[in-house]
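In: Could you work out the structure for the sequence below:
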Amino acid sequence: ARRGIAYYDALPAALRTPQTERNRALAQVRYGAVLRTQGKVEEGLKLTNEAVGTLDRLRGQGDDSEATAIGMALGQTVQARLEWNVGRTEQALAMSDRAVEAIKPLATAQKASVAARRAYGEALNMNGFLKLQSARQYEAAIAALDEARRIQRSIDDLQMTDLTAAAAYAEAAGWQVEAYVMLARGEDVKRTAQEADRVAAQVLEKRPGHMQALRARALVSSTLSRYYLDELKLQEALQSAQAAEQAWREFVRLDPGNAVSWSNLGAATINRLNTLEDMGRASEAMDAARAVIALESTAPASELVYRRIFVASGRLALMEAARGNVAGMEQALAINARMTQWATENFGMHESLRRAGPLVTEAWRLYALSALGDFQQVLARGPVLLAKWEAFTPGDRGQNEMRIDNLTGIQRSLARAAYEMKDYSAAERSAAKVPELEREARGDSVRLDDQRLVMFDRIERALVLARLGRSAEAQKLAAEGLQFERALAARNHDSA
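Out: Next up, the predicted model:
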């Protein structure tokens, strides 16, 4: 793709035509997608924005060719991926919507070409992903991914004469699995996961190194690990997380420059960390966190990868603090701060994200101090940090969710610290704000993991209310929590 761009750039003015302009823009789109996988997001955005601008101008001048429409849809799809990577989630979804509309008339016409249908399927796959990941529009995501599967199936009816279509079908099904997990639709999770795995396996039987099929299988395994974790089937969750890790390790072995896949490896390892922690296997969970941190020395330097290291180092700080290991806690927090500094200096993030990074690092320190039991420090630092997050102006919905998550965590930490310091009135003031923030962040989530957190907060608040002599309110909250936990206990087989 880069050589193609150089070729068209070198053409003398007399040989440049609307067709050569279009071909140059198509080469830019392809290279923009490559740059994204390498983690060079800002460079990819600059190139893709130029390409889409060119294609849009050609269409405005009357170019209604299929090649230009396909290029426009693919260009806007790559734009959407890149915008999502830099945290501009609302812009990403808007671009993805435009990509779908750009190619839909051609792709759904009678006797539509394979190229048009393939591009439509790719645009729908990204659209479903963004509705799922950024907007929490789970039903809309399922609908978009259903259409992606239908259009890819229409190419050869999954007869394995077009492996690209089959692998794209499997990947769309893989993202549907995640949407079903978020809606707690267990039967749909299992049915769709089996279908995605079956088709991906058929592709890999024909072509063992097919990258998109490998990706689809890894995606399904990673999502299933979260599903089994929600269902308290921890041994199955662990096996799925390990399978996902193995799949992503094979992926990066085949394509070591792919920063997206290194990031996905980090995410799969964090899934293993979560499972081991729920199983009570703290030392192994800490080793999983360290495995993610070790990616700094093996993976390409990229915000995509360092985002995972940022999370893993924060989690490691909490686990070290819970063990009373202050030196280990400080070491993990230093790594966390270094990731923030790198992103601020090297990654062209939205200004609001630049301001948020140090605040998240401060929040990790506050949560670690709470785990350490240094409640005086929590009470000293917490209100200052709370005010900073309250003053933070998010750039879009995703950043607002980050803000709410941290406001919730800070109030939860302040409530616990005040309770331990026997300031029960202060504890109640903070504890009373947690449910409001949780509703704003999660809505009426049906995921078991979210419900567990809600019930944990109710039980914590019941303790505070009991200390304040508000016995009836305390008993009501405690009874709700106890009923919930008793139901869970009957399903729990694999935790410590």
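In: And the residue nearest to the spatial centre of the chain, how far from Leu385?
Out: For the chain, the residue nearest the mean C-alpha position is Gln133 (6.2 Å; C-alpha atoms, centre = their mean). Using C-beta to C-beta, to the nearest Å, Gln133 is found at 27 Å from Leu385. Bear in mind the C-beta positions are built from the backbone N, C-alpha and C, glycine included.
In: Grab the nearest non-local neighbour of the residue nearest to the centre of the chain.
Out: Once flanking residues are discounted, Gln133 sits nearest to Trp84: 7.5 Å by C-beta to C-beta, 6 or more residues apart in numbering.
In: State the number of residues packed around the one you found.
Out: Using other C-beta atoms under 10 Å, Trp84 is surrounded by 23 other residues.
In: What confidence value was assigned to it?
Out: As predicted, Trp84 sits at a pLDDT of 87.
In: helix, strand or coil for Gly469?
Out: Under the three-state scheme (DSSP: H, G, I helix; E, B strand; the rest coil), Gly469 adopts coil.
In: buried residues in the stretch of helix or strand Thr275 belongs to?
Out: For Thr275, the host element (DSSP states H and E) is helix 259-278. Neighbour-count burial for helix 259-278 flags 259-278 (criterion: 16 or more other C-beta atoms under 10 Å).
In: from the middle of its chain, how far away would it be?
Out: 11 Å (C-alpha atoms, centre = their mean, to the nearest Å).
In: Mind giving me the packing neighbours of the helix or strand hosting Ala67?
Out: Element membership of Ala67 [criterion: DSSP H and E] is helix 66-85. Counting contacts by 3 or more C-beta pairs under 8 Å, 6 or more residues apart in numbering; DSSP states H and E, helix 66-85 packs against helix 18-37, helix 41-60, helix 89-107, helix 114-133.
In: how about a cut-off of 10 Å?
Out: If you count contacts as 3 or more C-beta pairs under 10 Å, 6 or more residues apart in numbering; DSSP states H and E, helix 66-85 packs onto helix 18-37, helix 41-60, helix 89-107, helix 114-133, helix 259-278, helix 303-322.
In: Show me the one of those that comes nearest Ala168.
Out: helix 114-133 (5.5 Å; C-beta to C-beta).
In: any chance of the helices and strands packed on helix 66-85 in JSON lines, plus distance to Asp188 and mean pLDDT?
Out: Formatted as JSON lines, the helices and strands packed on helix 66-85 follow (distance: least, C-beta to C-beta, whole Å; pLDDT from 0 to 100):
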{"stretch": "helix 18-37", "distance to Asp188": "30", "mean pLDDT": "90"}
{"stretch": "helix 41-60", "distance to Asp188": "33", "mean pLDDT": "92"}
{"stretch": "helix 89-107", "distance to Asp188": "23", "mean pLDDT": "93"}
{"stretch": "helix 114-133", "distance to Asp188": "14", "mean pLDDT": "96"}
{"stretch": "helix 259-278", "distance to Asp188": "20", "mean pLDDT": "95"}
{"stretch": "helix 303-322", "distance to Asp188": "28", "mean pLDDT": "95"}
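In: picking up where we left off before, isn't the residue nearest to Gln133 right up against Asn127?
Out: No. Using C-beta atoms under 10 Å, Trp84 is not in contact with Asn127; the gap is 11.4 Å.
In: backbone phi and psi for Gln483, please?
Out: With angles defined as degrees, to the nearest 10, Gln483 sits at phi -60, psi -40.
In: Let me see the contact set for it.
Out: Met455 (C-beta atoms under 10 Å, 6 or more residues apart in numbering).
In: got a pLDDT number for it?
Out: 92.
In: Check the spacing between it and Leu477 real quick.
Out: 11 Å.
In: Let me know the secondary structure of Lys388.
Out: helix.
In: does it really touch Leu366, like I thought?
Out: No. Lys388 lies out of contact with Leu366 (C-beta under 10 Å); the separation is 11.2 Å.
In: Just want to know which of these two has more residues nearby.
Out: Neighbour count, other C-beta under 10 Å: between Lys388 and Leu366, Leu366 has more, with 22 against 17.
In: Not including adjacent chain positions, what is the nearest residue to Gly382?
Out: Leu414 (4.5 Å).
In: sec struct for that neighbour, please.
Out: Assignment for Leu414 (three-state DSSP): helix.
In: Please, which helix or strand holds Arg215?
Out: Applying DSSP H and E, one finds Arg215 within helix 211-230.
In: related to what we said a few turns ago, figure out which of the helices and strands packed on helix 66-85 is closest to Ala170.
Out: Nearest of the helices and strands packed on helix 66-85 (C-beta to C-beta): helix 114-133, 10.7 Å.
In: Now do the helices for the stretch 351-496 of the chain: every range, in order, please.
Out: 351-372, 375-391, 397-420, 424-442, 448-467, 471-489 (DSSP state H, counting those that start in this stretch).
In: can you list those in a markdown table and add distance to Gly39?
Out: Formatted as a markdown table, the helices of the stretch 351-496 of the chain follow (distance: least, C-beta to C-beta, whole Å):
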| stretch | distance to Gly39 |
| --- | --- |
| helix 351-372 | 16 |
| helix 375-391 | 28 |
| helix 397-420 | 19 |
| helix 424-442 | 29 |
| helix 448-467 | 29 |
| helix 471-489 | 40 |
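In: right, and these - which one's nearest Ala285?
Out: Comparing the helices of the stretch 351-496 of the chain by C-beta to C-beta, helix 351-372 comes nearest, at 13.6 Å.
In: Could I get the buried residue list for the closest one?
Out: 352-353, 355-357, 359-372.
In: same question, stretch 191-202
Out: Of the residues in stretch 191-202, those buried (16+ other C-beta under 10 Å) are 192-193, 195-197, 199-200, 202.
In: Would you mind checking which of those residues is nearest to Glu43?
Out: Ala200 (31.1 Å).
In: Identify the residues contacting that closest one.
Out: Contacts of Ala200 (C-beta under 10 Å, 6+ apart): 166-167, 169-171, 173-174, 210, 212-220.
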